[in-house]
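Student: Sequence below, structure please.
(chains A and B)
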Amino acid sequence: MKLRKTFSNINIPVAAMADIAFLLLIFLMVVSSMDQSKKIKINPPTVVQTSSISQDKVFTVFVDKDGFYFYKGEGKDVSELEFLYEKHASLFPDAIVQIVGDQETEYESIDLLLNTLRKNGRIDVAFIAKKQGGGGGQ
Amino acid sequence: MRTIKVGGKRVSTEIPTSSQSDIAFLLIIFFVITTSFALKTGIKLDMPKKSETVKMVSVQQIDKVLITKDGYRINGSMTPEEELPAVLVTLNRPNLLVEIQKGVKYQHVLTLIGMIPATGAKISIRMEK
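Tutor: Down below sits the predicted model:
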């Protein structure tokens, strides 16, 4: 018996592809945040053991190797940071002070910052560091 | 397809959108490559209020670590960095006082603080005046 061959056009609908792509794009743009440590050039210290730090409600201060403080990409002095932290802590009482310092930063600058921030109450501090031997960190 | 007459010729009025998905995917690839995940590993500490009442602790209950530019001194004896974990584990007092001299790098302080959780001691950090 001879079967009759039928030919038809098989097309995959691609009209919605652009919508999917733009939705993905918008999602990525919304969930991304700028990595300010690259702008400020900071090489975090390495330690034997690290734990993961929730990025929720953190008050992040960058301290470069010359001891200058940066908050949200802008240079600040300690008194400005104290005021900003008070504002942040009033909004988020369980806020964490996250310090991103350079390996070469003198500890004195970090100590001055911590002593200023804990004038008005105890603080939870997280020192950002990379795990020795790669993995984790940035 | 809608058309209009321009200079005697029929021209389509629709905007070509066939390359829109290519543009979108190129933008996605760009963002995927340039995006990096936020920093999220480190050491957590709970620091008391600066003016909190000072707690008196007997000297016999304190182990002392002094961090100088030259290295670490545990209870007075110089300890090389690679021997720190082994020596810290042998300390059996419940409190550890970390004194830091001026000019010490942040890396050296974190190297020590990162090893302390293994000892289970309560730590106090003090900058030498």
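Student: Mind checking the pLDDT average for stretch A:47-56?
Tutor: Mean per-residue pLDDT for stretch A:47-56: 83.
Student: hang on, I meant stretch B:94-114
Tutor: Mean pLDDT, computed over stretch B:94-114, is 90.
Student: which parts of that stretch are buried?
Tutor: Judged by neighbour count using 16 or more other Cβ atoms under 10 Å in any protein chain shown, the buried positions of stretch B:94-114 are B:95-100, B:104-114. For every residue, glycine as well, the C-beta is placed using N, CA and C.
Student: Same check on stretch A:83-94?
Tutor: A:84-85, A:88-89.
Student: Remind me what the helix ranked longest in chain B packs against, helices and strands.
Tutor: With secondary structure taken from DSSP state H, chain B has its longest helix at helix B:20-34. Helices and strands touching helix B:20-34, by 3 or more Cβ pairs under 8 Å, 6 or more residues apart in numbering or on different chains; DSSP states H and E, are helix A:17-31.
Student: What are the buried residues along the helix it packs on?
Tutor: Across helix A:17-31, burial judged by 16+ other Cβ under 10 Å covers A:18, A:21-22, A:24-25.
Student: With pLDDT added, can I get these in JSON lines?
Tutor: As requested, those are exported to JSON lines (pLDDT from 0 to 100):
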{"residue": "A:18", "pLDDT": "79"}
{"residue": "A:21", "pLDDT": "83"}
{"residue": "A:22", "pLDDT": "84"}
{"residue": "A:24", "pLDDT": "85"}
{"residue": "A:25", "pLDDT": "83"}
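Student: so which of those residues also contact chain B?
Tutor: Among the buried residues of helix A:17-31, the ones lying near chain B by Cβ under 8 Å from any Cβ of the partner chain are A:18, A:21-22, A:24-25.
Student: number of nearby residues for residue B:49?
Tutor: 12 (other Cβ atoms under 10 Å in any protein chain shown).
Student: can you tell me which residues contact the residue most central in space within chain B?
Tutor: Using Cα atoms, centre = their mean, the residue of chain B that lies closest to the mean C-alpha position is residue B:42, 4.0 Å off. Residue B:42 is in contact with A:44, A:47, A:50-51, A:53, A:98, A:126-129, counting by Cβ atoms under 8 Å, 6 or more residues apart in numbering or on different chains.
Student: Any quick PyMOL command for the buried ones out of these?
Tutor: Buried members of the contacts of residue B:42, defined by 16+ other Cβ under 10 Å, are picked up in PyMOL with:
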select buried, chain A and resi 44+47+50+53+98+126+127+128+129
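Student: Columns secondary structure on top of the contacts of residue B:42, output as CSV?
Tutor: Formatted as CSV, the contacts of residue B:42 follow (DSSP: H, G, I helix; E, B strand; the rest coil):
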residue, secondary structure
A:44, coil
A:47, strand
A:50, coil
A:51, strand
A:53, coil
A:98, strand
A:126, strand
A:127, strand
A:128, strand
A:129, coil
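Student: can you list the contacts of residue B:42 in CSV and add distance to residue B:124?
Tutor: Listed next are the contacts of residue B:42 as CSV, based on distance: Cβ to Cβ, whole Å:
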residue, distance to residue B:124
A:44, 24
A:47, 19
A:50, 22
A:51, 21
A:53, 22
A:98, 22
A:126, 19
A:127, 16
A:128, 22
A:129, 20
